[in-house]
Structures are given as C-alpha cells and as structure tokens.
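In: this one's sequence-less:
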C-alpha cells in the first residue's frame, strides 16, 4: 500500500512535473547511495581500511568456489560501483546502460550473498535497491517516449 502511494506520486511527478523536480532525479539520488559502499569496498580492497567481516563473508560466497582472492575483487567491485553511479548522472567513461546492469548485478549478488550468510532479512536492502533501479529504467523509458511524441 505505501509503496503503491510512492510509485503513484513518482509517476504523477514524472508526468506533469508539478513538484519542479523529476522522479528520475529522485531515483538517481537514491541509487547514488551505493557510491559510499563502492568507496568502502575500494578502500578495503586497497588495504586502506580493514575488511568488514560480514562483507568478506558475503563476497566469499561467490569467491571461494572459484578461488578468487578477496582484496582485488573488492577493489575492482568498488571501482565499478563508483563508475556505475557516475554513469547514472552521465558522468565518466561508463555508458549508463552498462552502469545500470553492473549496479543491478552487484545488488542481485549482494542479496544472494547476504541471504546465505545472514538470512532473509539481510537480503531486503539490495532487493529494494533493485526496485529503485527498475523504477529508474521505467521512468526514463517513459521520459524518452514523451520526447518522441
């Protein structure tokens, strides 16, 4: 019920822009929070800060079966998250479509890893993030359709 209200509000804001701000800007802002996680991952991967035990456990769900080391993985993933968020704002070398796919895959793997390590409730934030990215794609496609007409 509450999520339907939020979706309706964002949709109406996108259609007539009554609030003076587009829904895509709000959603991009919400999605940009993962730049903080990316910065932390990059710092952990480079050894600037200690690796968070939970993050290490979540990543190792995917890394141990294939024998990949944790530090380089975190450095690469953190860099990709940062570039992905920048691409949402059309900044940097990464195309927006590739950035969206990378952010979605990272959230999907994060949800699976958190579910395995910590249980069901820990997988909710990455799933909500996937929903935000999905809404962003939806509203940007509507915006593109309006420009065509």
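Out: Right, received. Where do you want to start? For clarity, every value in this text was computed on a predicted model and none was experimentally measured.
In: and residue 86, what does it touch?
Out: When contacts are counted by CB atoms under 8 Å, 6 or more residues apart in numbering, residue 86 touches 35, 92, 94, 99. The way it works is simple: take the backbone N, C-alpha and C, and place the C-beta from them, glycine included.
In: Return the list of helices and strands in contact with the helix or strand that contains residue 44.
Out: Using DSSP states H and E, residue 44 sits in helix 34-45. Packing contacts for helix 34-45, counted by 3 or more CB pairs under 8 Å, 6 or more residues apart in numbering; DSSP states H and E, involve helix 70-88, helix 96-118.
In: Next, the angle from the longest one to helix 34-45.
Out: Spelled out, it's helix 96-118. Angle of helix 96-118 versus helix 34-45, following axes from the mean of the first three to the mean of the last three CA atoms, to 10 degrees, is 70 degrees.
In: oh, and call the first residue 43 from now on, that's how I've got it
Out: Understood, numbering begins at 43; the last thing we discussed is helix 138-160.
In: in helix 138-160, what's buried?
Out: Under the neighbour-count criterion of 16 or more other CB atoms under 10 Å, helix 138-160 has 138, 141-142, 144-146, 148-149, 151-153, 155-157, 159 buried.
In: Quickly name whichever of those is closest to residue 99.
Out: Checking the buried residues of helix 138-160 against residue 99 by CB to CB gives residue 159 as the nearest, at 4.7 Å.
In: before we move on, which element is the closest residue in space to the closest one that isn't next to it in sequence in?
Out: Leaving out its chain neighbours, the residue that sits closest to residue 159 by CB to CB, 6 or more residues apart in numbering is residue 99, at 4.7 Å. Per DSSP H and E: residue 99 is located in helix 95-105.
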